[in-house]
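Novice: any chance you could fold what I've pasted below:
(one chain, ligands or ions: 2)
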Amino acid sequence: MKDYYSILGIEQNAGETLIKSRYRNLAAIYHPDKNPDSQSKFLDINEAYKTLMDPVLRNIYDKDLKEYEKFKNALPENKVIPYRSRLRDGGNVNINIDFTNEIKSGAGEFIEKTVNIERYIKCPACAGEGRDKGTLATDCSYCRGTGTVKNRGTNINEACGNCGGYGDIFLYRCKVCNGMARIKTSEKIKLNFAVSELLGGKKNIVFEDNGDEGVFGGKNGNLNVAVKIDEDVFGKTSNGGKGFLNRLLFFRK
Ligand SMILES: [Zn+2]
Ligand SMILES: [Zn+2]
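Specialist: Ligands and ions are numbered 1, 2, ... in the order given. Got it, this is the predicted structure:
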């Protein structure tokens, strides 16, 4: 969040006369006609002046500034907002696979399955940057760079909807991923399952890091496979003997 007071070099209780005179001094120094390198500084000075000279805008700004300072001071060593990392992490992808037929036909040590999965991968167009090459990000004006806004009903800080909780906004978003840095794809992948695990009754097999891609430094999600094997494979036969699975296990010994 920009500090308009330090931009103009004044105290937070400065009156209009002082704001005006500081603005005139600084605008004269940093005017782009005289100083072409100071375009952004000049814009900041104007923004600060316009905001602080309007009693309504200044009132809103002062409140936000106080919140921002409180919030910033509460962060241990300016750590980023907790849910930034959550937003950057990839989600888990869950699929179901039925192994009944493979198990019945007497599998070897491993079963290879080709599955179609939908997941987020790093955007190839921007290499996971989310923005056009060489362009910059700017503070989100809605949350003023904090990534959070206070819910007026609950009084709890929530992720800013304008910037998605990141606190900054890309000036030129990658058009392929729309600034998300990842895209959803549908692809066929091969997975290997140990038959011993399946027969051991494992209901969920996890392939770590194979879920949605984490972006902006976040972790990848996992791919969770819910295992299905028909109950009658495990069950008992009508003549009271062991079920198919038990016979198989016996055979394997
Ligand atoms: Zn924001
Ligand atoms: Zn992209």
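Novice: quick one: the residue nearest to F42 when sequence neighbours are not counted and ligand 2, what's the gap?
Specialist: Distances taken as Cβ to Cβ, 6 or more residues apart in numbering place Y30 nearest to F42, at 4.5 Å, with adjacent residues excluded. The C-beta positions use only the backbone N, C-alpha and C, and glycine is treated the same way. With distances taken as Cβ to the ion, to the nearest Å, Y30 is found 35 Å from ligand 2.
Novice: my read: Y30 touches A48, true?
Specialist: No. Y30 lies out of contact with A48 (Cβ atoms under 8 Å); the separation is 11.7 Å.
Novice: so who does the residue nearest to F42 touch?
Specialist: By Cβ atoms under 8 Å, 6 or more residues apart in numbering, the contact set of Y30 is S38, K41, F42, I45.
Novice: among those, which two are most distant?
Specialist: S38 and I45 (9.1 Å; Cβ to Cβ).
Novice: ok, I19 touching Y5?
Specialist: No. Counting by Cβ under 8 Å, I19 stays clear of Y5, with 9.4 Å between them.
Novice: overlap in contacts of these two?
Specialist: The overlap between the contact sets of I19 and Y5 (Cβ under 8 Å, 6+ apart) consists of L52.
Novice: and the longest helix along the chain, which residues are buried?
Specialist: Criterion DSSP state H: the longest helix present in the chain is helix 55-74. The neighbour-count check on helix 55-74 (16 or more other Cβ atoms under 10 Å) flags R58, Y61, D62, D64, L65, E67, Y68, F71 as buried.
Novice: alpha carbons only: can I get that helix in CSV?
Specialist: Extracted C-alpha coordinates of helix 55-74, given in CSV (Å, rounded to 0.1, in the frame of the first residue of the first chain):
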residue,chain,number,x,y,z
PRO,A,55,-12.0,15.1,2.8
VAL,A,56,-14.1,12.0,2.0
LEU,A,57,-11.3,10.2,0.2
ARG,A,58,-8.8,11.1,2.9
ASN,A,59,-11.0,9.8,5.6
ILE,A,60,-11.3,6.4,3.8
TYR,A,61,-7.6,6.4,3.0
ASP,A,62,-6.7,7.1,6.6
LYS,A,63,-8.8,4.3,7.9
ASP,A,64,-7.3,1.9,5.4
LEU,A,65,-3.8,3.1,6.2
LYS,A,66,-4.3,2.4,9.9
GLU,A,67,-5.6,-1.1,9.2
TYR,A,68,-2.7,-1.7,6.9
GLU,A,69,-0.1,-0.6,9.4
LYS,A,70,-1.7,-2.7,12.1
PHE,A,71,-1.8,-5.7,9.8
LYS,A,72,1.8,-5.2,8.7
ASN,A,73,3.1,-4.9,12.3
ALA,A,74,1.2,-8.0,13.2
